[in-house]
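*Asks:* Using only what follows, build the 3D model:
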Amino acid sequence: MYQFSMKCLKVFCTTVCVAMACGYFTWEASAINNAQPLRSSNSGFIAKQDNKIIKAIGKYDERRPPYSTFKVALALMGFDAKILESKDAPKWEFDEKYEKNFQSWYSRKLGEKFQWCQAHTPQTFMKNSVVWYSHLITQQLGVEKFQQYVTKLNYGNQDVSGTPGQDDGLLNSWLGTSLKISPREQIELIENLLAGNLNVSKDAQQKTREILYREEWNGWKLYGKTGGGSGGTGWFVGWIEKDGAYCGRCEHLRRRS
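*Replies:* Next comes the predicted model:
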């Protein structure tokens with residue numbers, strides 16, 4: 001078994017930075033890059049191998065909105081419910097009507113910059129962090145089944161009610177409103193995903209792992225998802241692997257006030 005240590009963590013951080021520089025992460029990368037030099041005491045980091053913590057810093061048990069890291073859970077739901085078929089299917093076309101469901105920060109200019117205003121597959125949905133694709137998944141699931149999946153995955157506080165009084169849980173619950181998760185819980189989800197132990201089909205877990213692949217660098221394979229939101233906050237959750245061994249990492253960064 002390949003043993004990970006502080007060297008592993010350094011390679012992990014370097015690999016993530018290389019992947020970002022190569023464009024493997026899109027709009028949330030800017031939130032992380034902006035937050036990282038200004039990491040506050042409210043940030044949290046945790047890395048684990050073989051169910052053991054090898055490094056933990058800061059508030060890694062504090063729950064925060066997951067933002068686009070929730071796409072890991074959405075992919076699991078979509079594949080398990082047969083809404084998603086493979087990394088290349090379904091390929092859904094962009095429609096201007098989807099924009100009415102976006103939060104107020106959105107503009108068409110930003111949508112074009114993020115490559116949202118075009119057709120997407122499960123693989124490009126994950127790579128480009130396409131919000132409207134997330135919405136199509138949750139809307140096809142419906143409120144009841146969506147809640148059931150969040151509960152089955154034991155995802156954070158499991159609250160998908162959304163903005164109080166807005167009835168927008170299917171659109172915004174993970175985007176800074178009701179749903180929250182800690183870095184420790186994020187990495188536990190990843191550990192169970194790698195082990196195939198989540199309460200969804202093995203096929204759904206395998207296909208989700210496949211679309212999370214980002215880059216291979218110097219023999220290390222990087223898998224993961226970024227997330228970013230208001231207030232200079234950003235996430236990275238994922239893992240690296242080499243020689244059949246895995247090291248999971250989750251970091252939540254928050255800009256100093």
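*Asks:* Please enumerate the strands of the stretch 151-257 of the chain.
*Replies:* When secondary structure is read from DSSP state E, counting those that start in this stretch, the stretch 151-257 of the chain shows strands at 213-217, 220-229, 233-242, 245-254.
*Asks:* Which of those strands has the lowest mean pLDDT?
*Replies:* Note on the strands of the stretch 151-257 of the chain: strand 245-254 shows the lowest mean pLDDT, a mean of 87.
*Asks:* List the residue ranges of the stretch 101-250 of the chain that fall below the pLDDT cut-off.
*Replies:* Counting by pLDDT under 70, the stretch 101-250 of the chain has no low-confidence residues at all.
*Asks:* re the thing from before, tell me which of the strands of the stretch 151-257 of the chain lies nearest to E96.
*Replies:* strand 220-229 (24.3 Å; CB to CB). Heads up, the C-betas are built off the backbone N, CA and C, glycines and all.
*Asks:* and the closest one, which strands flank it?
*Replies:* strand 213-217 (antiparallel), strand 233-242 (antiparallel) (DSSP bridges).
*Asks:* Helices along the chain, start to end?
*Replies:* Counting by DSSP state H, residue ranges of the helices within the chain are 6-21, 27-35, 71-80, 108-113, 122-128, 131-152, 169-172, 183-195, 202-211.
*Asks:* Ranking those helices by mean neighbour count, which comes first?
*Replies:* For the helices of the chain, the largest average neighbour count (mean count of other CB atoms under 10 Å) is found in helix 71-80, namely a mean of 26.
*Asks:* how close does the closest residue to I54 other than its chain neighbours get to S129?
*Replies:* Counting by CB to CB, 6 or more residues apart in numbering, the nearest residue to I54 once its immediate chain neighbours are dropped is A47, at 5.3 Å. Computed as CB to CB, to the nearest Å, the A47 to S129 distance reads 23 Å.
*Asks:* Same check on D203?
*Replies:* Here the distance between D203 and S129 works out to 24 Å (CB to CB).
*Asks:* before we move on, what about K152?
*Replies:* Separation of K152 from S129 (CB to CB): 24 Å.
*Asks:* Ok, L141 next?
*Replies:* In this structure, L141 and S129 are separated by 19 Å, where distance is defined by CB to CB.
*Asks:* How about E215?
*Replies:* E215 sits 16 Å away from S129, taking CB to CB as the criterion.
*Asks:* neighbour-wise, which of these two wins?
*Replies:* Neighbours were tallied for E215 and for S129 using other CB atoms under 10 Å; the higher tally belongs to S129 (25 against 18).
*Asks:* Just give the closest residue to that one, not the sequence neighbours.
*Replies:* Of all residues not flanking S129 in the chain, S68 sits nearest, at 4.6 Å (CB to CB, 6+ apart).
*Asks:* show me what contacts the one you found?
*Replies:* If you count contacts by CB atoms under 8 Å, 6 or more residues apart in numbering, S68 has them with 28, 129, 131, 225-228, 235.
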